[in-house]
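Asks: got a sequence here, can you build the structure:
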Amino acid sequence: MKKKGTNQRPPMGWNSYDYYDTTVNEEQIRANADYMAEHLLEYGWEYIVVDIAWYSYDAGKQRDKHQYVPFCQMEMDDYSRLLPCPERFPSSAGGKGFQPLADYVHSKGLKFGIHIMRGIPRLAAHNHLKILGTDKTANEIASPYSTCSWNPDMYGVVPGEEGAQEYYDSLLALYAEWGVDFIKCDDICRMDAASSKEEIRMLHKAIEKCGRDIVLSLSPGPAIVEEAEFYHDNATMWRITDDFWDNWNSLRDMFDRCRNWQEHVRDGGYPDCDMLPLGWIGRGFDDERQTNFTKEEQRTMMTLWCIFRSPLMLGAEMTKLDDETLALLTNPEVLRLLSVSEKARESYRDENTIVWQAGDSEGEAEYLAVFNISEKVNSVPVSKFAETKGTQVKDLWENKLVDVSKKCDIPAHGCVLYKIS
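Replies: All right, here's what the predicted structure looks like:
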């Protein structure tokens, strides 16, 4: 993991969950990596993340009953460590794991990530499998009372039990060998289980030992604001919401969450607003559709995420991106906020309008984002919120200079983003 202060920009990438749910395969990962390398890499998008259940032979086969198939057949090594299902990831056969796929992603100039669940596989505990680096077996470190409420695959581990840290160390040693650059650990961020906090510490220690620079992302939220410094000490990013999807109420709620976390954003540690449900999503849920967000809501989401400096993880099937969505994701002046937005804060709110302001860590500029949260066009006197006399004001989405002495008409659920210099 990077030392705090050296990760100058929140991670930007793509995660398979919003489109594929539990069913993504190697061919699809490679296709999305190809697209990112060709169309998005130059704008800072670099992580390709394989989300949940990549070890499962049965993923998606009981969609009418289960998102996560109980007691599914899993691919696993002799040391209680899950491996990619070779039926879905053919290059992993013969014990190669994700190394061949990671090598392919790296060959494109990108970085490779995987999703994991907190704890140790139940199947490993039931079969008393070994743990690398200790004489203890999986059943001796697993807690049968520490389970995930929505996924049946894992038991938590018992903090302080001999073999528990060795288990996490062995996981990260394997992931480092594969070439993993990013780990999204689930069932851990909001600390539902008594062992969650210690398991975050164990993961962090294992990353430090493994010798590879690996981003640690904690899910699901909401993260606990009072634990902000703990998250900063042990992770790169942590979810401030449960799964975020494409509806206005969820987006409206994110303004409150960002306001709650605005004092806790700094280089190397990022409160995470969750994925960007843009473009085509939902195939793995048997609900393939274009995002329900309007064009104005999409711009509002990107603006809030960027000025707040949230990580950006795209959920779309990238090979189906249209030109308008691609343009939304590749505005260099908006994306620059991820690096330079400084002391971003909510500065004004009423029943129709929310305003965020930020400085520029590399210059004298100021950023002003005005959001219309009402259901109709809102005529806003922008000069009310920032000193603009004698300055140049640029609309970063429209890429033009503007006269803010006049009121600005902002569409319902839309926004303007100005750079004042």
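Asks: tell me which helix or strand residue 344 sits in.
Replies: strand 341-349 (DSSP states H and E).
Asks: tell me the first helix or strand C-terminal of that strand.
Replies: Note on strand 341-349: by DSSP H and E, the next helix or strand toward the C-terminus is strand 353-360.
Asks: would you map the helices across the stretch 151-300 of the chain?
Replies: Using DSSP state H, counting those that start in this stretch, the helices of the stretch 151-300 of the chain run over residues 164-178, 196-210, 228-234, 248-261, 295-308.
Asks: low pLDDT regions in the stretch 51-200 of the chain?
Replies: Along the stretch 51-200 of the chain, no part satisfies pLDDT under 70.
Asks: would you map the strands across it?
Replies: 111-117, 120-121, 142-147, 154-157, 182-186 (DSSP state E, counting those that start in this stretch).
Asks: coming back round to it: among the helices of the stretch 151-300 of the chain, which is nearest residue 17?
Replies: Residue 17 lies closest, by C-beta to C-beta, to one member of those: helix 248-261, at 15.6 Å. Backbone N, C-alpha and C define where each C-beta goes, glycine included.
Asks: may I have that closest one as CSV, with CA atoms only?
Replies: Output in CSV follows, covering the C-alpha atoms of helix 248-261 (Å, rounded to 0.1, in the frame of the first residue of the first chain):
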residue,chain,number,x,y,z
TRP,A,248,-32.3,10.4,-7.9
ASN,A,249,-33.1,9.8,-4.3
SER,A,250,-29.8,8.0,-3.8
LEU,A,251,-27.9,10.8,-5.6
ARG,A,252,-29.7,13.4,-3.5
ASP,A,253,-28.8,11.5,-0.4
MET,A,254,-25.1,11.6,-1.4
PHE,A,255,-24.9,15.3,-0.8
ASP,A,256,-25.6,14.7,2.9
ARG,A,257,-23.0,11.9,3.0
CYS,A,258,-20.3,14.0,1.3
ARG,A,259,-21.1,16.9,3.7
ASN,A,260,-20.6,14.5,6.7
TRP,A,261,-17.2,13.4,5.3
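Asks: next, the angle from that helix to strand 341-349.
Replies: 120 degrees (axes from the mean of the first three to the mean of the last three C-alpha atoms, to 10 degrees).
Asks: show me what helix 248-261 is packed against.
Replies: Judged by 3 or more C-beta pairs under 8 Å, 6 or more residues apart in numbering; DSSP states H and E, helix 248-261 is in contact with helix 295-308, strand 341-349.
Asks: make JSON lines out of those and add distance to residue 387 and mean neighbour count.
Replies: Below are these laid out as JSON lines (distance: least, C-beta to C-beta, whole Å; neighbours: other C-beta atoms under 10 Å):
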{"stretch": "helix 295-308", "distance to residue 387": "18", "mean neighbour count": "23"}
{"stretch": "strand 341-349", "distance to residue 387": "12", "mean neighbour count": "16"}
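Asks: parallel or antiparallel, list what pairs with the strand holding residue 344.
Replies: Applying DSSP bridges to the sheet, strand 341-349 is found paired with strand 353-360 (antiparallel).
Asks: gap between the partner strand and the chain center?
Replies: 23 Å (C-alpha atoms, centre = their mean, to the nearest Å).
Asks: ok, now stretch 23-32?
Replies: Taking mean C-alpha positions (C-alpha atoms, centre = their mean), stretch 23-32 and its chain are 18 Å apart.
Asks: got the buried residues for it?
Replies: The neighbour-count criterion (16 or more other C-beta atoms under 10 Å) identifies 23, 24, 25, 26, 28, 29, 30, 32 as the buried residues of stretch 23-32.
Asks: give me the contact list for that stretch.
Replies: 14, 16, 20, 48, 50-51, 54, 59-60, 88-92, 101, 104-105, 284, 317-319 (C-beta atoms under 8 Å, 6 or more residues apart in numbering).
Asks: average pLDDT across that stretch?
Replies: Average pLDDT, stretch 23-32: 98.
Asks: and residue 222, how many neighbours?
Replies: 16 (other C-beta atoms under 10 Å).
Asks: quick one: contacts for it?
Replies: Per C-beta under 8 Å, 6+ apart, neighbours of residue 222: 190, 239, 240, 241, 242, 257.
Asks: my guess is the first one contacts residue 231, does it?
Replies: If I follow you right, that is residue 190. No. Look at residue 190 against residue 231 with C-beta atoms under 8 Å: they stay out of range, at 11.0 Å.
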